[in-house]
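Participant: how would this look folded up:
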Amino acid sequence: MDFTGKVALITGGANGIGRAAALGFARGGAKVVVVDRDAAGGEGTAGAIRQLGGDARFVAADVTKSADVQAYVKAALDAYGRIDCFFNNAGIEGKMQPTAEYDEAMFDAVIGVNVKGVFLGLRHVLPVMLRQKAGTIVNTASVAGLVGTPNMPAYVASKHAVVGLTKTASGEVARHGIRVNAVCPGPVDTRMIHALEAQLRPDDPAGAGQQYQASMPTGRYTTPEEIANIVLFLSSDLSANVTGVQWVVDGGRTATGGAVTQVVQR
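Facilitator: Down below sits the predicted model:
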């Protein structure tokens with residue numbers, strides 16, 4: 001997977017899956033623009049790439065604000081002149097509450113980042129790629145975008161929406177040399193899963209994690225690097241005729257009929 005001479009733009013790049021993908025693109029030869037509202041983490045990712053001898057820049061942005069999204073797109077173009085690969089990844093988990101009790105403000109916050117943020121990324125990056133007549137986009141959905149998850153109505157609704165946006169956009173731009181796909185992780189060993197473990201069992205989050213991992217066919221969480229590898233594949237010429245798909249990486253959880261009942265991960 002050679003990205004020499006290409007430019008990769010990554011939202012939610014300060015940590016977790018986003019950071020792993022940023023480092024992966026850089027190792028493949030891409031110039032990388034890291035976007036996040038966490039300035040310290042985002043600068044840390046860009047700095048790690050530069051330490052590897054790569055070329056990277058960080059742009060602070062709130063993906064729910066159109067002006068910020070336009071600014072990170074402009075920053076990428078000002079720095080490198082084009083956007084070849086867009087990993088539309090930023091997302092939040094929200095609170096775990098039954099639908100009948102779910103806090104309205106929290107619902108709005110999750111939808112704002114996970115749906116509007118993804119939409120705005122598509123809205124402002126797609127015109128760049130249409131002018132180029134080339135480009136790849138990978139949106140971060142989730143297995144929660146394919147099945148239900150009790151006590152996470154906002155997250156599940158948001159990730160179903162990301163799958164829908166992916167399918168819609170992919171069909172619109174396929175004849176223009178642009179591919180749009182989604183990656184659907186199950187639980188991944190990042191901050192988010194551990195935050196959900198703490199919500200699920202505040203007195204014993206580690207125990208919650210152990211129990212959940214034991215219930216999975218592979219017996220463990222996926223690593224951020226394993227998700228990043230799929231993102232890189234979907235962004236590479238190796239997947240040149242792949243578009244509009246939802247690529248599941250969940251250790252066999254959904255394939256074996258196991259319900260994703262309590263803890264999910266973007």
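Participant: got the contact list for the helix or strand harbouring Ala206?
Facilitator: Using DSSP states H and E, Ala206 sits in helix 205-214. Contacts of helix 205-214 with the rest of the structure, by CB atoms under 8 Å, 6 or more residues apart in numbering, involve Pro187, Ile193, His194, Glu197, Ala198, Leu200, Arg201, Gly219, Arg220, Tyr221, Gln262, Val263. Glycine gets a C-beta too; all of them are placed from N, C-alpha and C.
Participant: Mind putting those into TSV with pLDDT and distance to Gly112?
Facilitator: Shown next, in TSV, are these (pLDDT from 0 to 100; distance: CB to CB, whole Å):
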residue	pLDDT	distance to Gly112
Pro187	90	24
Ile193	86	22
His194	81	23
Glu197	80	24
Ala198	85	23
Leu200	80	24
Arg201	85	28
Gly219	92	35
Arg220	91	32
Tyr221	89	27
Gln262	44	24
Val263	44	22
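Participant: Any idea how far the helix holding Ala206 is from the middle of the chain?
Facilitator: On the basis of CA atoms, centre = their mean, to the nearest Å, helix 205-214 sits 24 Å off its chain's mean C-alpha point.
Participant: Now do the same for that helix: mean pLDDT, whole number.
Facilitator: What helix 205-214 shows for mean pLDDT is 86.
Participant: Could you do stretch 253-260 as well?
Facilitator: 68.
Participant: Using CSV, lay out the contacts of helix 205-214 together with distance to Gly145, neighbour count and secondary structure.
Facilitator: Output for the contacts of helix 205-214, formatted as CSV (distance: CB to CB, whole Å; neighbours: other CB atoms under 10 Å; DSSP: H, G, I helix; E, B strand; the rest coil):
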residue, distance to Gly145, neighbour count, secondary structure
Pro187, 14, 25, coil
Ile193, 16, 26, helix
His194, 21, 16, helix
Glu197, 21, 22, helix
Ala198, 23, 16, helix
Leu200, 20, 18, helix
Arg201, 25, 17, coil
Gly219, 24, 10, coil
Arg220, 22, 12, coil
Tyr221, 18, 23, coil
Gln262, 17, 19, coil
Val263, 15, 28, coil
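Participant: Among those residues, which pair sits farthest apart?
Facilitator: Greatest spatial distance in these: Ala198 and Gly219, 21.6 Å, computed using CB to CB.
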